[in-house]
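Student: When you get a sec, could you give me coordinates for this:
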Amino acid sequence: MRLSRTFTVSATALALLAGSGAYAATPPSGGRAHPARTSLDWPTYHGNRARTGYSSRMPAVSGTPSVTRSTTLDGAVYASPVVGAGRTVVATENDTVYAFGRHGRLLWRRHLGTPTPSSALPCGDISPLGITGTPVYVASRRTVYLVAESGPEARHTLYALAIGTGHVRWHRSMDLPGVEQRAMQQRGALTVAHGRVWVPFGALAGDCGGYKGRVVGTNLDRRHGKVSYTPPTQRGGGMWTPPGPSVDSQGRLFVVTANGAAGPGDAYDFTNSVLRLTQRARLVDSFAPSIWPTNNTGDVGLGSQGATLVGPWIFVAGKSAPSYVLRASHLGGIGGQVSQAMVCNSYGGTAVAGTIVYVPCTDGLRAIAIDEAGQINVLWHAAANITGAPVVGGGRIWSLDPNGGTLYSLDPTTGATVSQTSVGRTSRFATPAISGRNLLVPTLTGLSVVGTS
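Tutor: Sure thing, here's the model as predicted:
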């Protein structure tokens with residue numbers, strides 16, 4: 001592993017780096033002017049379209065965090081909560097959406113259908129299967145967008161809900177031909193770019209059936225019409241990673257595909273890859289490791305982590321090492337990475353503070369720095385049980401131990417544990433949302449709110 005230089009990073013420097021405008025989310029094109037964002041807002045997975053997972057508005061934490069509210073809902077919560085317009089929106093695997101006020105009062109509840117029973121699916125590890133991908137809230141439209149899976153046919157329906165009342169403004173099917181519908185899962189977070197909401201699809205756990213990875217874009221309003229991209233593979237190429245697509249400050253849309261059907265000796269099928277798509281979902285750039293055929297054969301490599309935007313770079317890790325740094329402006333094609341290093345096996349979303357990336361590794365969270373030459377430098381490695389997709393706020397790094405049902409806060413300079421709070425059992429890919437002084441943790445029974453001081 002390259003350790004070419006020594007990095008000393010203070011908490012103050014981290015805050016200044018992460019608070020810079022370089023990584024701020026940009027408004028979706030084609031929409032109206034946004035209402036001012038408040039310190040409570042967290043409108044999408046990891047807070048913004050770049051998926052930085054950083055809150056510059058969370059006050060510094062000095063006291064011991066504690067659970068201030070634990071709410072049991074009608075199903076497990078796999079999606080991250082989203083926050084906007086003074087409401088915390090939580091979606092369950094029972095196809096129910098809840099909105100809570102700032103003090104925890106239930107404002108509305110909307111049941112969207114009957115989730116798909118596991119008995120109707122060829123494989124999988126969620127039962128029943130309802131709303132799994134993190135919704136996205138668009139402030140200019142005061143609308144929450146989410147996908148619910150329902151019925152024994154495993155229909156995938158996009159809903160646009162009024163955040164004030166939960167009223168269904170419209171809904172439309174997101175299923176397209178060319179795949180086995182029951183083998184498709186909508187796990188990745190939704191995002192908004194170019195006047196469209198984008199919905200990624202991958203496989204069920206177990207990688208069974210005739211699925212293909214796909215991302216579908218559709219209008220934010222009632223106007224029908226879809227654009228989509230599916231890699232040219234016979235099977236596979238799932239876009240299943242929980243962060244979903246990443247969008248940079250120029251509006252460029254990046255997705256990561258997992259293992260596909262092509263192997264050694266076959267033509268490249270744009271699986272096990274990082275891809276850049278246009279506003280009409282046309283492929284314009286790609287990267288794949290030179291070992292993509294053997295990665296495909298072994299169901300390893302890329303696909304388990306999203307594209308992490310770090311200034312001019314993209315960092316990407318996967319189910320197996322190595323990890324890669326790419327140029328965002330030119331991904332490099334096959335074997336065209338700027339650098340690589342044996343960082344770790346990683347699942348879920350990263351967090352970014354300036355040039356520092358917090359990576360959810362299967363053997364414990366790591367902090368890495370990417371230098372001006374695009375080289376990877378490992379800064380620290382946290383305890384092995386702290387594996388959850390991290391977020392950053394209040395001068396601390398926050399990450400879950402899903403097996404232990406514990407939320408940890410870590411020192412950003414060393415990775416040492418500062419506090420630990422029991423929140424209840426969570427899914428493997430659970431990640432908190434930050435709203436003001438609170439961390440909103442999705443659990444297998446509902447929602448835990450962790451307060452700080």
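Student: rest of the way, CA atoms for contacts and neighbours
Tutor: Fine.
Student: Touching stretch 149-164 from outside, list them.
Tutor: 84-85, 87, 95, 99, 113-117, 120-121, 129-131, 142-148, 167-175, 181-182, 186 (C-alpha atoms under 8 Å, 6 or more residues apart in numbering).
Student: now those residues: which count as buried?
Tutor: When these are checked for burial by 16 or more other C-alpha atoms under 10 Å, the buried set is 84-85, 87, 95, 99, 114-117, 121, 129-131, 142-148, 171, 174-175, 181-182, 186.
Student: which one is Val55 nearest to, not counting chain neighbours?
Tutor: Actually, residue 55 is Ser. It isn't Val. Spatial nearest neighbour of Ser55, chain neighbours left out: Gly393 (5.0 Å); criterion: C-alpha to C-alpha, 6 or more residues apart in numbering.
Student: from the buried ones among the contacts of stretch 149-164, which ones fall inside strands?
Tutor: Within those, residues falling in strands by DSSP state E are Gly84, Arg87, Ala99, Thr143, Val144, Tyr145, Leu146, Val147, Ala148, His171.
Student: what about the most far-flung residue of the chain relative to its centre, distance to Asn295?
Tutor: Each residue of the chain has a distance to the centre, and by C-alpha atoms, centre = their mean the biggest one is for Gly265: 33.1 Å. Distance from Gly265 to Asn295, counting by C-alpha to C-alpha, to the nearest Å: 13 Å.
Student: same check, this time on Thr134
Tutor: Separation of Thr134 from Asn295 (C-alpha to C-alpha): 28 Å.
Student: out of the two, which sits in the busier spot?
Tutor: Thr134 (29 against 23; other C-alpha atoms under 10 Å).
Student: Can you check my assumption that the more buried one lies in a helix?
Tutor: No: using DSSP: H, G, I helix; E, B strand; the rest coil, the assignment for Thr134 is coil, not a helix.
Student: Could you double-check that Arg276 sits in contact with Leu253?
Tutor: Yes: using C-alpha atoms under 8 Å, Arg276 is in contact with Leu253, at 5.6 Å.
Student: What ranges does the stretch 201-350 of the chain have for its strands?
Tutor: Here the stretch 201-350 of the chain has its strands, by DSSP state E, counting those that start in this stretch, at 214-219, 226-229, 246-247, 253-257, 273-277, 283-288, 308-310, 313-316, 323-327, 333-334, 339-341.
Student: Kindly report the same for the stretch 1-150 of the chain.
Tutor: Using DSSP E, counting those that start in this stretch, strands in the stretch 1-150 of the chain cover 54-55, 66-72, 82-84, 87-91, 96-100, 106-111, 136-138, 143-150.
Student: Put the alpha carbons of the second one into PDB.
Tutor: Right, strand 66-72. Output of strand 66-72 as PDB, limited to C-alpha atoms (Å, rounded to 0.1, in the frame of the first residue of the first chain):
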ATOM      1  CA  SER A  66     -28.200   9.300  24.100                       C
ATOM      2  CA  VAL A  67     -31.400   7.900  22.500                       C
ATOM      3  CA  THR A  68     -34.100  10.600  23.000                       C
ATOM      4  CA  ARG A  69     -36.800   8.700  21.100                       C
ATOM      5  CA  SER A  70     -37.400   5.200  19.800                       C
ATOM      6  CA  THR A  71     -40.400   4.700  17.600                       C
ATOM      7  CA  THR A  72     -41.800   1.300  16.500                       C
END
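Student: how about the nearest residue to Pro59, chain neighbours excluded?
Tutor: Distance criterion C-alpha to C-alpha, 6+ apart; nearest residue to Pro59, sequence neighbours excluded, is Gly394 at 5.1 Å.
Student: gap between Asp363 and Arg425?
Tutor: According to C-alpha to C-alpha, Asp363 and Arg425 sit 19 Å apart.
Student: Please identify which of those two sits among more neighbours.
Tutor: Shown here are Asp363 and Arg425; by other C-alpha under 10 Å, Arg425 has more neighbours (20 against 16).
Student: ok, the more buried one - contacts?
Tutor: By C-alpha under 8 Å, 6+ apart, Arg425 lies in contact with Pro402, Asn403, Gly404, Gly405, Thr406, Thr443, Leu444, Thr445.
Student: What about it? Give its phi and psi, please.
Tutor: Per-residue torsions, Arg425: phi -60, psi 140 (degrees, to the nearest 10).
Student: ok, and the closest non-adjacent residue to it?
Tutor: Gly405 (4.3 Å).
Student: Phe287 too?
Tutor: Phe287's closest residue in space is Gly333 (C-alpha to C-alpha, 6+ apart), at 4.3 Å.
Student: okay, that neighbour: pLDDT?
Tutor: Per-residue pLDDT puts Gly333 at 99.
Student: Test my guess that Thr88 contacts Gly101.
Tutor: Yes: contact criterion C-alpha under 8 Å: Thr88 and Gly101 qualify, at 6.5 Å.
Student: which one of the two has more residues nearby?
Tutor: Between Thr88 and Gly101, counting by other C-alpha under 10 Å, Thr88 is the more crowded of the two (25 against 15).
Student: In contact with the more buried one, which residues are there?
Tutor: By C-alpha under 8 Å, 6+ apart, the residues touching Thr88 are Pro81, Val82, Tyr98, Ala99, Phe100, Gly101, Arg102.
Student: can you pull up the bridge partners for it?
Tutor: Val83, Phe100 (DSSP bridges).
Student: How much space separates it from Gly436?
Tutor: 12 Å.
Student: With Cys344 instead?
Tutor: 32 Å.
Student: before we move on, what about Asp95?
Tutor: Taking C-alpha to C-alpha, one finds Asp95 at 27 Å from Gly436.
Student: coming back round to it: the residue nearest to Arg425 reaches Gly424, doesn't it?
Tutor: Yes: using C-alpha under 8 Å, Gly405 is in contact with Gly424, at 4.6 Å.
Student: Tell me which of the two has more neighbours.
Tutor: Between Gly405 and Gly424, counted using other C-alpha under 10 Å, Gly424 has the larger neighbour count: 20 against 17.
Student: The more buried one - that's part of a strand, no?
Tutor: No: assessed with three-state DSSP, Gly424 is coil; it does not lie in a strand.
Student: Just give me how far stretch 254-266 sits from the chain centre.
Tutor: Remark: stretch 254-266 is offset 21 Å from the chain centroid, using C-alpha atoms, centre = their mean, to the nearest Å.
Student: And for stretch 259-274?
Tutor: Using C-alpha atoms, centre = their mean, the distance from the centre of stretch 259-274 to the centre of the chain it belongs to is 24 Å.
Student: The residue farthest from the centre of the chain: what's it in contact with?
Tutor: Gly265 sits next to Pro293 when contact means C-alpha under 8 Å, 6+ apart.
Student: swap in the one 4 residues further on?
Tutor: When contacts are counted by C-alpha under 8 Å, 6+ apart, Asp269 touches Pro231, Pro232, Thr233, Gly260, Ala261, Ala262.
Student: Mind doing that once more with 6 Å?
Tutor: Residues counted as contacts of Asp269 (C-alpha atoms under 6 Å, 6 or more residues apart in numbering) are Pro232, Thr233.
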